[in-house]
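Undergrad: coords please:
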Amino acid sequence: MKKIVTTVDAHPSTLGYEILSEPQVHNIDQWEKIGNFNTFITNELRTLTQKTIAYSMNIPVDLKGPIGVNPENLAKMAPADKTNVIFKVSLYGIPSPNTYQEDRLDIFIQAGQLAEVPLYIGEWNNVVREKTINEEGEVAIQISPELSNINQNEANFIVKRFKDVNVWGMAYWQWRIDTHEIATYNLIGTDVTGALQTTNYFDILKNAYSSVYPEITSRNSTS
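TA: The predicted structure follows:
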């Protein structure tokens, strides 16, 4: 990681570093251990960079499971040095009232408040997962290409929800230059001549940001 930082840190395009994406928690005593790891890595990286450092939510996110996915335990993952540190989480559905996605987001918001770090939505979209049986005969949860979709109203709602809770930033999931069976992943494609062109999902994303953040998008368009 130090070699990566010394290689790219001077580039203006390097916003920061995610130190461990979605650490797995299988026992309730592992939250604090992840926090110790994040503290160690953050302290080491701070000898080389002052750019943003992101630590990540855990997996699995079973709100009723035995590992204790709650704000207090999630806050234990924060590094001791919280200077220019953000908490990266993901949201893969519409955070409507009284839904799993809303409950999940609320827990992340509270965890960030307890840890006193800003919330970064590192992945967001509207995808539907279904239980299937894999080749080994085991139950697997996979994203359904047929059911996963997002419209303009849904995108606007999600982005507005993020703005209302004053998130540090957000990133649509996911940006792909190659085609994918999940239609919402395809923000760009090619026409009959092979030239690149944006898709309707790119327009939905662009319009959502323009609608919710007009002050930012209008400034960028004139700069």
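
Undergrad: tell me the pLDDT of Ser223.
TA: Confidence at Ser223, expressed as pLDDT, is 49.

Undergrad: again, but for Glu215
TA: 85.

Undergrad: same question, Val8
TA: 98.

Undergrad: which helices and strands does the helix or strand hosting Ile4 pack with?
TA: Per DSSP states H and E: Ile4 is located in helix 2-8. Applying 3 or more Cβ pairs under 8 Å, 6 or more residues apart in numbering; DSSP states H and E, we find helix 2-8 packed against helix 30-45. For every residue, glycine as well, the C-beta is placed using N, CA and C.

Undergrad: can you list the buried residues in the helix it packs on?
TA: Of the residues in helix 30-45, Gln30, Trp31, Ile34, Gly35, Phe37, Asn38, Thr39, Ile41, Thr42, Leu45 count as buried by neighbour count, 16 or more other Cβ atoms under 10 Å.

Undergrad: related to what we said a few turns ago, next, the residues that contact the helix or strand following the helix holding Ile4 from outside, please.
TA: Once the chain leaves helix 2-8, the next helix or strand it forms, by DSSP H and E, is strand 16-18. Residues outside strand 16-18 that contact it (Cβ atoms under 8 Å, 6 or more residues apart in numbering) are 1, 4-5, 45, 49, 51-56, 84, 86, 88, 122.

Undergrad: same check, this time on stretch 4-12
TA: Under Cβ under 8 Å, 6+ apart, the answer for stretch 4-12 is Thr14, Tyr17, Leu45, Leu48, Thr49, Lys51.

Undergrad: quick one: which of those residues is most hemmed in?
TA: Leu45 (22 neighbours; other Cβ atoms under 10 Å).

Undergrad: now do the contacts for the residue nearest to Ile59 when sequence neighbours are not counted.
TA: Excluding the flanking residues, the one nearest Ile59 by Cβ to Cβ, 6 or more residues apart in numbering is Glu22, at 4.6 Å. Residues near Glu22 by Cβ under 8 Å, 6+ apart: Ser56, Met57, Asn58, Ile59.

Undergrad: same check, this time on His26
TA: Contacts of His26 (Cβ under 8 Å, 6+ apart): Ile67.

Undergrad: Ile109 versus that one, what's the distance?
TA: 25 Å (Cβ to Cβ, to the nearest Å).

Undergrad: find the centremost residue of this protein, please.
TA: With distances taken as Cα atoms, centre = their mean, the residue of the chain nearest its centroid is Gly122 (2.2 Å).

Undergrad: the residue nearest to that one when sequence neighbours are not counted bridge partners, please.
TA: Nearest-residue entry for Gly122: Lys88, 4.1 Å, with adjacent residues in sequence omitted and distances by Cβ to Cβ, 6+ apart. Note on Lys88: beta-bridge partners Ser56, Tyr120, judged by DSSP bridges.

Undergrad: thought Lys88 was touching Pro118?
TA: No - the pair Lys88 and Pro118 does not pass the contact test of Cβ atoms under 8 Å, sitting 10.2 Å apart.

Undergrad: which of the two has more neighbours?
TA: Lys88 (22 against 18).

Undergrad: for the chain, name the helix or strand with the lowest mean pLDDT.
TA: Sorting the helices and strands of the chain by mean pLDDT, DSSP states H and E puts helix 214-222 at the bottom, at a mean of 68.
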